[in-house]
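Trainee: Sharing a model prediction with you, sequence too.
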Amino acid sequence: MSTTVNTVAGRKDAAELGRTLIHEHVLVGFPGWFMDARQPTFKRAEAIARVVDAFQELHGHGVRTVIDPCPMDLGRDVEFIAEVSQKSGVTLICTTGVYAESMGIPYTLRSLPDEAVTEVFVREIEDGIGGTGIKAGLIKIATGEGHVSDYERKMIAASARAAKITGVPLISHTENCSCGHDQIDIATGEGLASSSLIVGHSDGRDDHDYQRSLAERGAYVGFDRFGLEQIVPDAVRMKNLKKLADAGHKERIMVSHDTVNCWLGGLPGGMAPESLQAIVPNWRMTHLFEHIFPELKRMGMSEGDLELIVAENPRRYFDEAAANARQAAPQAAG
């Protein structure tokens, strides 16, 4: 059975997604960004033009699809995302779901009953976000460092239930390579298969054993912060990616950069976005194709290996999530 995916421009066959980056942000605004009066006024038209240029450059490297896993509470603007998609020619997929408690906006959903949170996510997937008609294609989950709060546990469980109902996958944020197994435990505890989850930012520590342990449980492993070398050098990421592939898990590897192409307001702490260039000069969406993939080839990975990771794995991820939901449906009915 062919799997179709919600994109910001409508349904699309998963087989047609092509080269896909699984974790890039069109725009982000951390909670309360608008309260920093020192920041310049947001100029939407200028921002659109700048972001479209970046996505057109990415399109030139053969990338046809990008997942923007911006949750509800980080300035998500699906009409902005849709305009970038239409003007750049890159298919964009947006998400429902929420961020980690310490960095998100927990009050409203924390106050709702569990089943109501599930319904919120299902409605954004099946009916659309607000009055836009744009439907989410994934659910974002997130945890803080070293500990899953009660709120985060509630949100992940609701997300897993919504994923079972709708057939969309989960994509996660983790802090410093912690709590990936907790995320899997909570999701699978709700009856969701681990293959419906990308454990995000799993390249944030030099820890092959952790990365391999996630893959061994059937989850996808996000090597999704290439270019953010103030966290981990890319040389370490490449070493561990190849080591995971050599261990027989190349079909569970996903790649991206976690770039933010447009900030609403400044960065957390008030840093101006333009100052990032000096700190992380390679943190841009074309970095994988300009530098990382050529180096991985020199390290012994084949063109076929890299195409599997950037094209086949994302397609299979959506296929498996839809199949997992179909398999769960008869059990729920029984």
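Mentor: Structure received. Computed from a predicted structure; not experimentally measured.

Trainee: would you list every one of the strands in this protein?
Mentor: 4-7, 10-13, 19-21, 63-68, 91-97, 138-142, 170-173, 197-199, 220-223, 253-255 (DSSP state E).

Trainee: Now tabulate these in JSON lines and tack on mean pLDDT.
Mentor: Below are these laid out as JSON lines (pLDDT from 0 to 100):
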{"stretch": "strand 4-7", "mean pLDDT": "98"}
{"stretch": "strand 10-13", "mean pLDDT": "98"}
{"stretch": "strand 19-21", "mean pLDDT": "98"}
{"stretch": "strand 63-68", "mean pLDDT": "98"}
{"stretch": "strand 91-97", "mean pLDDT": "98"}
{"stretch": "strand 138-142", "mean pLDDT": "98"}
{"stretch": "strand 170-173", "mean pLDDT": "98"}
{"stretch": "strand 197-199", "mean pLDDT": "98"}
{"stretch": "strand 220-223", "mean pLDDT": "98"}
{"stretch": "strand 253-255", "mean pLDDT": "98"}
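
Trainee: Let me have the ones you listed in CSV, adding distance to residue 76 and mean neighbour count as columns.
Mentor: Heads up, the C-betas are built off the backbone N, CA and C, glycines and all. Below are the strands of the chain laid out as CSV (distance: least, CB to CB, whole Å; neighbours: other CB atoms under 10 Å):
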stretch, distance to residue 76, mean neighbour count
strand 4-7, 15, 22
strand 10-13, 19, 13
strand 19-21, 18, 24
strand 63-68, 9, 25
strand 91-97, 7, 27
strand 138-142, 9, 30
strand 170-173, 14, 28
strand 197-199, 18, 30
strand 220-223, 20, 27
strand 253-255, 21, 25
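
Trainee: Any idea which of these gets closest to residue 288?
Mentor: strand 253-255 (6.1 Å; CB to CB).

Trainee: so what strands line up beside that closest one?
Mentor: strand 220-223 (parallel) (DSSP bridges).

Trainee: Start and end of stretch 279-286, how far apart?
Mentor: 17 Å (CA to CA, to the nearest Å).

Trainee: quick one: contacts of it?
Mentor: 21, 24, 54-55, 57-58, 61, 63, 66, 226-230, 234, 257, 259, 261, 276, 291 (CB atoms under 8 Å, 6 or more residues apart in numbering).

Trainee: make it 10 Å
Mentor: 21, 24, 54-55, 57-58, 60-61, 63, 66, 90, 225-231, 234, 256-261, 271, 276-277, 287-288, 290-292 (CB atoms under 10 Å, 6 or more residues apart in numbering).

Trainee: and these, which are buried?
Mentor: 21, 24, 54-55, 58, 63, 66, 90, 225-229, 231, 234, 256-261, 276, 287-288, 292 (16 or more other CB atoms under 10 Å).

Trainee: hmm, back to that, for residue 131, which of the strands of the chain is the nearest?
Mentor: That would be, of those and by CB to CB, strand 91-97, which comes in at 15.1 Å.

Trainee: Now residue 266. Its backbone dihedrals?
Mentor: phi -90, psi -180 (degrees, to the nearest 10).

Trainee: which residue packs closest to it, ignoring adjacent ones?
Mentor: residue 39 (5.0 Å; CB to CB, 6 or more residues apart in numbering).

Trainee: Am I right that the one you found is in contact with residue 265?
Mentor: Yes. Look at residue 39 against residue 265 with CB atoms under 10 Å: they come within range, at 4.6 Å.

Trainee: more neighbours, these two?
Mentor: Using other CB atoms under 10 Å as the criterion, residue 39 and residue 265 rank with residue 265 on top: 21 against 17.

Trainee: With residue 274 as the reference, measure out to the more buried one.
Mentor: 13 Å (CB to CB, to the nearest Å).

Trainee: repeat for residue 150
Mentor: From residue 150 to residue 274 the distance is 39 Å (CB to CB).

Trainee: still on that earlier bit, now, which of the contacts of stretch 279-286 lie within helices?
Mentor: Secondary structure from DSSP state H places 54-55, 57-58, 234, 276-277, 287 of these in helices.
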